[in-house]
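Trainee: okay, here's the prediction I keep looking at, along with the sequence it came from:
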Amino acid sequence: MYPSTAEYDPKYSAPPQIGVPATAMNTSMAPPQNVAWSTGLYDCCDDVGNCCITCWCPCITYGRIAEIVDQGSSSCGRSGGLYALLNYFTGCAWCLSWFQRQKMRHQYHLQENPCGDCLVHFCCEHCALCQEYRELKSRGYDMYIGWHGNVQRQSQGIVPPVVQSGMTR
């Protein structure tokens, strides 16, 4: 009958997410539309440094992605170590990164493209990790300082740039 306090009081609203453009946030009651990835799956050479690190030691890239996507609840070292152990003993670390990709897609309303997350990580593990890394980087995250560093940077007034989607060339 009466509107809730959250509708009128800004302290009850959700805080803005780091790296999420205001246009990508859901401001209506309609479900958010799927947003295209900022780069393609096979654009690995757009960030040659990360491409090389991911090629030789994907656990580092996975750890950095996991820390940001989990919003600091898991550390880069712990996630990367778990990835490395799972990969060494079973060769199935792609299962771990597959779930992380799903979480990231839902968090940022990204399209399941070019095919299902499971298939992307099973067939193109390194390319998928590179794409996720580039996506977070394009959303304004400094991947080297982790989640807490990015939060601290934002609290100091250094806000990540808003990336406009659309044509880039």
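Mentor: Sure, I can see it.
Trainee: now for this protein: which helix has the highest residue count?
Mentor: If you go by DSSP state H, the chain has its longest helix at helix 93-108.
Trainee: what helices or strands is it leaning on?
Mentor: Judged by 3 or more C-beta pairs under 8 Å, 6 or more residues apart in numbering; DSSP states H and E, the packing partners of helix 93-108 are helix 58-69, helix 76-89, helix 117-123, helix 125-138. The way it works is simple: take the backbone N, C-alpha and C, and place the C-beta from them, glycine included.
Trainee: ranking those by burial, who's on top?
Mentor: Ranked by mean neighbour count, the helices and strands packed on helix 93-108 are led by helix 58-69 with a mean of 24 (mean count of other C-beta atoms under 10 Å).
Trainee: contacts for that helix next, please.
Mentor: By C-beta atoms under 8 Å, 6 or more residues apart in numbering, the surrounding residues in contact with helix 58-69 are 50, 53-54, 74-81, 83-84, 87, 93, 96-97, 100, 103-104, 107, 125-126, 129-130, 132-133, 136, 141, 143-144, 146-147, 150.
Trainee: ok, stretch 39-49 next?
Mentor: Contacts for stretch 39-49 (C-beta under 8 Å, 6+ apart): 51, 54, 113-114, 120, 124, 126-128, 130-131, 133-135, 137-138.
Trainee: how about low-confidence regions in this protein?
Mentor: The chain contains residues with pLDDT under 70 at 1-32, 158-169.
Trainee: and residue 133, what does it touch?
Mentor: Per C-beta under 8 Å, 6+ apart, neighbours of residue 133: 47, 50, 54, 61, 64-65, 143.
Trainee: just residue 122 next, same as before
Mentor: Applying C-beta under 8 Å, 6+ apart, the residues contacting residue 122 are 94, 98.
Trainee: can you rerun that using 6 Å?
Mentor: residue 94 (C-beta atoms under 6 Å, 6 or more residues apart in numbering).
Trainee: any idea how far it lies from residue 146?
Mentor: Using C-beta to C-beta, to the nearest Å, residue 122 is found at 28 Å from residue 146.
Trainee: could you do residue 133 as well?
Mentor: 13 Å.
Trainee: quick one: contacts of the longest helix of the chain?
Mentor: Outside helix 93-108, the residues that touch it by C-beta under 6 Å, 6+ apart are 62, 66, 69, 83, 86-87, 117-118, 121-122, 125, 132.
Trainee: returning to what we had before: distance to residue 156 for the contacts of residue 133 - can I get that in JSON lines?
Mentor: Shown next, in JSON lines, are the contacts of residue 133 (distance: C-beta to C-beta, whole Å):
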{"residue": "47", "distance to residue 156": "26"}
{"residue": "50", "distance to residue 156": "26"}
{"residue": "54", "distance to residue 156": "30"}
{"residue": "61", "distance to residue 156": "27"}
{"residue": "64", "distance to residue 156": "21"}
{"residue": "65", "distance to residue 156": "24"}
{"residue": "143", "distance to residue 156": "18"}
